[in-house]
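Asks: Just a sequence and a predicted model for now, questions to come.
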Amino acid sequence: MRLAVLAFGVVVALLVVAVARAAPASAAASGYQPPVSAPVADPFRPPSNTYGPGNRGLDYATAPGTEVKAAGDGEVVFAGQVGGTLHVVVLHGDGIRTSYSFLSSIRVQRGDKVHQGQVVGTTGPQRFHFGARAGDAYVDPALLFSTGPAEVHLVPNSERLPQSEAHERSGLLGMLAGLPGRAAGAAGEAIDASAGAVEWAAGETADAGAWVAGTAIGALGNQATASLDEFRTMVQDCVDQLPPVQAYHLVTAVASVVDQGDCTPPNVQPSPVQGHIAVLVGGLGSKGDPSKPTEGAAVFGVDTRSLGYLDKDVYRFSYRGGTIEQNPYGKADTEVDIRQSGAQLRALIEQIQYDRPGVTVDILAHSQGGLVTRAALANGYSRTDPRTPQLGAIVTMGSPHQGTDGATAVAAIRRNPVNDLELRGAHLVAPSQDDPRATSIAQMSEGSGFIADLNGRSLPSDVWFTSIGGREDLLVPAMHTHLAGAHNITLSVPDGVSTHDALPRSAAAFREIELALNHMPPTCQPLLTRAANTLVPFGVHQAEQGVSRIFTGGTQP
């Protein structure tokens, strides 16, 4: 055993020496410079073990608000929040990754190409931390600023390319490990809470209500005892009144309340975008009139100027193809096959790439528009495909990613030929209303093949996807807006039956759009808010299912 430890130590020592000799050479080839003009307050001090104390980078004594600049040319592979603080990681041509940590603002986003000296963010009240990594080896960043012999390739070929966001975050967490009282600690708490949720879901037999309360206490020990008791009582009351299967689903949903995952503190203010194009996609029953460009669809009313977009860079999608300026559309155009609408949207973003190659495109979609957006990407998306633009962020609001109760009820009613005929007659009497027999409505049923096919496809790994639900939304309960692989958040926008359409224009949604455009996770929410955001939509869903059973005579969709 001692021989194995000694051998391991020798290998590590040789690797450190090799990196020390190779890194200056890459510096000479690529050219690195310090990211800030400030004295080093804490030098490189590698920890003695993986989790031991130490410093895998350089801490600079910077004043808050100091501009942080890219040490060399490269591509941003991570830009966002980890454990309540902001970080940027840049991949350089020689395979070295430099990290810029504990920022107060971020000026770049994942996928951006940056040049040496370009501002990537500004410092906050904590010490600014600068790191460098060659593959899995953490390098003394000071070595990058010297000169030396020809480069020795130490970075695996796979690591010379941008990795998934989760992979890049993992490497960043390794860089921050050992820094006491900072992001690594907060990230560790989130991981601990996640582990508890996974363990329970894997087959723990403990009482569900006790597990929820116990995990909440472990992960959120600083919350007030009274608040936790209130939370536990609320959950238990709901569980006691539900059949076993429904209780299981509820408790599974509530488990996610304890582990919020990565989130952005409310006091962190994202920056407006610069030079991006926004594509706005309306929902079922919307319309597009160029004489009233901000009306006709709830998403058309989003304050794009305040988000940072120029008016000429805002494209309002038409369900007839192109934009509403090119092809105005009406309500009936939104009732066609969603896959057809998705093809129209795909054609629009490809046309944007043709007309304005290289410009980053963000998509903001409401309701059915979120499904149209996913359908547009269903056949694949790659940042290296010259036909498609670089997608920055996709934000869907009130989108029925899991289907919706109303469409499910209609599908059940239509199984009876007589009822189906009555629905047709009702639409003839009131043609101004949505056609309940429309193709797109059938596709939004919870059990439709379209929804199953769409949810069987993974979201593009290199696109930042955020899904926003409305707690009080009666048309699309927030539990149906949850999307695997996306950053999901539920917001309270109490506006009665109008909540669904009020969501995109609300101040709460505006902030989440801003965060998404900066590739930052949703805003952190208090425990009881998250509990209400889970329980209220679940109650809405249960009530709508009850009404549906009355109208369908108990028929299950």
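Replies: Structure received. Numbers count the residues shown, from 1 in each chain.
Asks: buried stuff in the helix or strand containing Gln351?
Replies: Applying DSSP states H and E as the criterion places Gln351 in helix 338-355. Buried residues in helix 338-355, counted by 16 or more other C-beta atoms under 10 Å: 338-339, 341-346, 348-353. C-beta here means a position set from N, CA and C on the backbone, and glycine is covered the same way.
Asks: Correct me if wrong: Asp405 contacts Met479.
Replies: No - under the criterion of C-beta atoms under 8 Å, Asp405 makes no contact with Met479, lying 10.2 Å away.
Asks: which ones are touching Val68?
Replies: By C-beta atoms under 8 Å, 6 or more residues apart in numbering, the contact set of Val68 is 35-36, 88, 100, 103, 119-123, 128.
Asks: Tell me if it really is in a strand.
Replies: Yes - applying DSSP: H, G, I helix; E, B strand; the rest coil, one finds Val68 inside a strand.
Asks: Strands of the stretch 1-150 of the chain, start to end?
Replies: For the stretch 1-150 of the chain, strands defined by DSSP state E, counting those that start in this stretch occupy the ranges 40-42, 57-60, 67-69, 74-82, 85-91, 96-106, 113-114, 119-123, 128-134, 137-139.
Asks: Out of those strands, which is closest to Met444?
Replies: Of all those, strand 74-82 sits nearest to Met444, with 31.5 Å by C-beta to C-beta.
Asks: Run the angle between that closest one and strand 119-123 for me.
Replies: Orientation check (axes from the mean of the first three to the mean of the last three C-alpha atoms, to 10 degrees): strand 74-82 against strand 119-123 gives 30 degrees.
Asks: Just confirm Glu67 contacts Thr122, I think it does.
Replies: Yes - with contact defined as C-beta under 8 Å, Glu67 reaches Thr122; the gap is 5.8 Å.
Asks: biggest separation within the buried residues of helix 338-355, which pair?
Replies: Maximum distance among the buried residues of helix 338-355 (C-beta to C-beta): 22.6 Å, for Ile338 and Gln353.
Asks: Output the below-cut-off pLDDT ranges for the stretch 1-150 of the chain.
Replies: Along the stretch 1-150 of the chain, the parts satisfying pLDDT under 70 run over 1-30, 48-52, 83-84, 147-150.
Asks: rerun at 90
Replies: 1-31, 42, 45-56, 80-86, 93-95, 104-105, 124-127, 134-140, 142-150 (pLDDT under 90).
Asks: Enumerate every residue touching the closest residue to Lys287 other than its chain neighbours.
Replies: Spatially, and ignoring its direct neighbours in sequence, Lys287 is nearest to Gly296 (4.3 Å; C-beta to C-beta, 6 or more residues apart in numbering). Going by C-beta under 8 Å, 6+ apart, Gly296 touches 282, 286-289, 324.
Asks: same check, this time on Pro270
Replies: By C-beta under 8 Å, 6+ apart, Pro270 lies in contact with 105-106, 264, 511, 514-515, 517-518, 520.
Asks: Can you flag which of those belong to strands?
Replies: Using DSSP state E, 105-106 are the members of the contacts of Pro270 that sit in strands.
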